[in-house]
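Asks: next come a sequence and a model predicted from it.
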Amino acid sequence: AGNSGGSAGPHLHFESRETKTANPIDPVSFDFLNIIDNISPIIHRICFFPLDSASFINGRNNPVERKVVSDNDKFVLYNPKPLLIKGDVYFGISTIDKMDNSYNKNGIHSIRCYVDSSLFYEFVADTTSFSQAHCVNAIIDYPKYVNDEERFYKSYKEPNCSSMMLKYVDNDGILKLEDDSIHTVTCLIADVNDNVSTLKFDVRRDTACYEHVSLNKSHYLKYNRSYNLQLGDAKIFIGENALFDDVAVDLTIDTVPCENLLVPQYHIGDNTVATNERISISLKIPENIAHDARNKLYVVSKSNDEWNYVNGKNKDGYITVRVRNFGSFSMMMDTVPPEISSEYLLDDAVTDVSKRKRVRVTIKDDQTGISSYYPTLNGKWIIMDYDAKNDVLIYEFDDFLQEGINELKIVVKDMVGNTSEYIRQIKY
């Protein structure tokens, strides 16, 4: 059970797996569920992307978004003029699915795209494997997801994306036009109950000449090579095939003092670059940090202008983390133990809980987060449900709670070992 994501309360998580491979499969496809669904997928917009500095859409070397309009389940571009394509260009579609009697916004079951009458791209979310779960970051346009929190299913297949949900991709999903004719692209977007929405648009080869855009990046990394990089006192290891695709990035150091940061900010590209395998980043511990305080150090990465804890290993004067995206990294120290509190349990007196069915205790740690909690009642371990979304431990009264005075004790640790102990007397 869990209470993560956009849920309104605890709920059961379950999944269906194929017996032989243990791969998860889509349970909605099972006929016995009898789910009412007469709603076709909804298409929000489409975006066209240049693959490189020599590719252009309507004369521009950056992504071009287009609004769509619909007549029931048939969608077209708001501006129906053919898009002019030069070089290697692909597209991404922002789309969701909904069901009758539900407000949920669901993912798409399948997308099939045709150029004129030839199949160009096919995606089917029928099954996957846990080892490929991260490949969703290569199926969507990851930069748009990070920056705009919107998923665009893209036609381009990155070289190291091995997702079994990509059933067919012609020419790596790139619209490379060889003649001056107008070509019609038709995309059929379906849910598992065969409700289908259609998106059509026209493209044409652009014969104009444009000056190639300079990348102006310090490093160009190939997806099929390994790299050992040094950035000041930071070491970066990128294994062979760790990248989904070639990527141009800047590696820079920001030495401007920043509150609570113990080392410079190391900018390794940005957090819009997802990886196929984890990369290693090792930050050197400052020599002025006492050895007996070094176990309180930790690496942070930046997201939405906030520094977040990253689990790492402290060894040989470095803290090493393994992450699945590029970005900005630095180091902090956490010496503050977790906070434990309750609105109604008294600090220095016995609290009568006879008229209650449960006890709620708040546990919080603002820096590295909660690592573990250990609750006991009268010296015996008890079950307390942890609602991490609301920072609450909940003890539903059971046979461990005795008549009379009981001692509730909770020990909470954060990610670097700072520990808090909470003891209260409760009467039942």
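Replies: Thanks, I have the structure now. Predicted model, so just to flag it, every value in this text is computed and none were measured. Numbering: from 1, shown residues only.

Asks: please count neighbours and contacts with C-alpha atoms only from this point.
Replies: Noted.

Asks: can you report phi and psi for the closest residue in space to Phe400 that isn't next to it in sequence?
Replies: Take Phe400 and drop its neighbours on the chain: the residue closest to it by Cα to Cα, 6 or more residues apart in numbering is Leu377, 7.0 Å away. Comment: the main-chain dihedrals of Leu377 come out as phi -130, psi 120, following degrees, to the nearest 10.

Asks: who touches Leu377 in this structure?
Replies: Leu377 is in contact with 400-401, 406-409, counting by Cα atoms under 8 Å, 6 or more residues apart in numbering.

Asks: pLDDT score for it?
Replies: Reading off the per-residue confidence, Leu377 sits at a pLDDT of 97.

Asks: ok, back up a step: let's see which of the contacts of Leu377 end up in strands.
Replies: Among these, the residues falling in strands (DSSP state E) are 406-409.

Asks: just the buried members of those?
Replies: 406-409 (16 or more other Cα atoms under 10 Å).

Asks: possible to save these as JSON lines with pLDDT and distance to Leu12?
Replies: As requested, those are exported to JSON lines (pLDDT from 0 to 100; distance: Cα to Cα, whole Å):
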{"residue": "Asn406", "pLDDT": "97", "distance to Leu12": "32"}
{"residue": "Glu407", "pLDDT": "97", "distance to Leu12": "32"}
{"residue": "Leu408", "pLDDT": "97", "distance to Leu12": "29"}
{"residue": "Lys409", "pLDDT": "97", "distance to Leu12": "29"}
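
Asks: from those, pick the one nearest Asp206.
Replies: For those, the minimum distance to Asp206 (Cα to Cα) is 72.0 Å, reached by Lys409.

Asks: so that closest one touches Trp381, yeah?
Replies: No - under the contact definition of Cα atoms under 8 Å, Lys409 does not touch Trp381, with a separation of 9.4 Å.

Asks: circling back to that earlier point, looking at the ones in strands among the contacts of Leu377, which is nearest Asn216?
Replies: Distance to Asn216 across those (Cα to Cα) is lowest for Lys409, with 58.3 Å.

Asks: any idea what the closest one is bridged to?
Replies: When bridges are assigned using DSSP bridges, the partners listed for Lys409 are Thr376, Ile423.

Asks: and the contacts of the host helix or strand of Ile236?
Replies: Per DSSP states H and E, Ile236 falls inside strand 234-238. Identification of contacts with strand 234-238 by Cα under 8 Å, 6+ apart yields 226-230, 266, 278-284.

Asks: which of these fall in strands?
Replies: Applying DSSP E to the contacts of strand 234-238, the entries found in strands are 227-230, 266, 278-284.

Asks: pull the number of nearby residues for Leu199.
Replies: Applying the criterion other Cα atoms under 10 Å, we find 22 residues in the vicinity of Leu199.

Asks: correction: Lys389
Replies: If you count neighbours by other Cα under 10 Å, Lys389 ends up with 13.

Asks: going by secondary structure, it is in what exactly?
Replies: Element membership for Lys389 (DSSP H and E) is empty, with no helix or strand holding it.

Asks: try Ile189
Replies: strand 182-190.

Asks: next secondary structure element downstream of that strand?
Replies: Scanning forward in sequence from strand 182-190 by DSSP H and E, the next helix or strand is strand 196-205.

Asks: just the C-alphas of that following strand, formatted as PDB.
Replies: Listed in PDB are the C-alpha atoms of strand 196-205, where the atom choice follows Å, rounded to 0.1, in the frame of the first residue of the first chain:
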ATOM      1  CA  VAL A 196      -8.600   6.200 -31.500                       C
ATOM      2  CA  SER A 197      -7.700   9.800 -32.100                       C
ATOM      3  CA  THR A 198      -6.100  10.900 -35.400                       C
ATOM      4  CA  LEU A 199      -3.600  13.700 -35.900                       C
ATOM      5  CA  LYS A 200      -2.700  14.800 -39.400                       C
ATOM      6  CA  PHE A 201      -0.200  17.400 -40.600                       C
ATOM      7  CA  ASP A 202       1.800  18.200 -43.700                       C
ATOM      8  CA  VAL A 203       5.500  18.600 -44.100                       C
ATOM      9  CA  ARG A 204       7.700  19.700 -47.000                       C
ATOM     10  CA  ARG A 205      11.400  19.900 -47.700                       C
END
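
Asks: just the mean pLDDT for it, thanks.
Replies: Strand 196-205 carries an average pLDDT of 97.

Asks: and for it, what's in contact with it?
Replies: Counting by Cα under 8 Å, 6+ apart, 40-43, 73-77, 80-86, 177-190 sit against strand 196-205.

Asks: go through that strand and flag the buried ones.
Replies: Buried residues in strand 196-205, defined by neighbour count with 16+ other Cα under 10 Å: 196-205.

Asks: same question for stretch 151-166.
Replies: The neighbour-count check on stretch 151-166 (16+ other Cα under 10 Å) flags 151-158, 160-161, 163-166 as buried.
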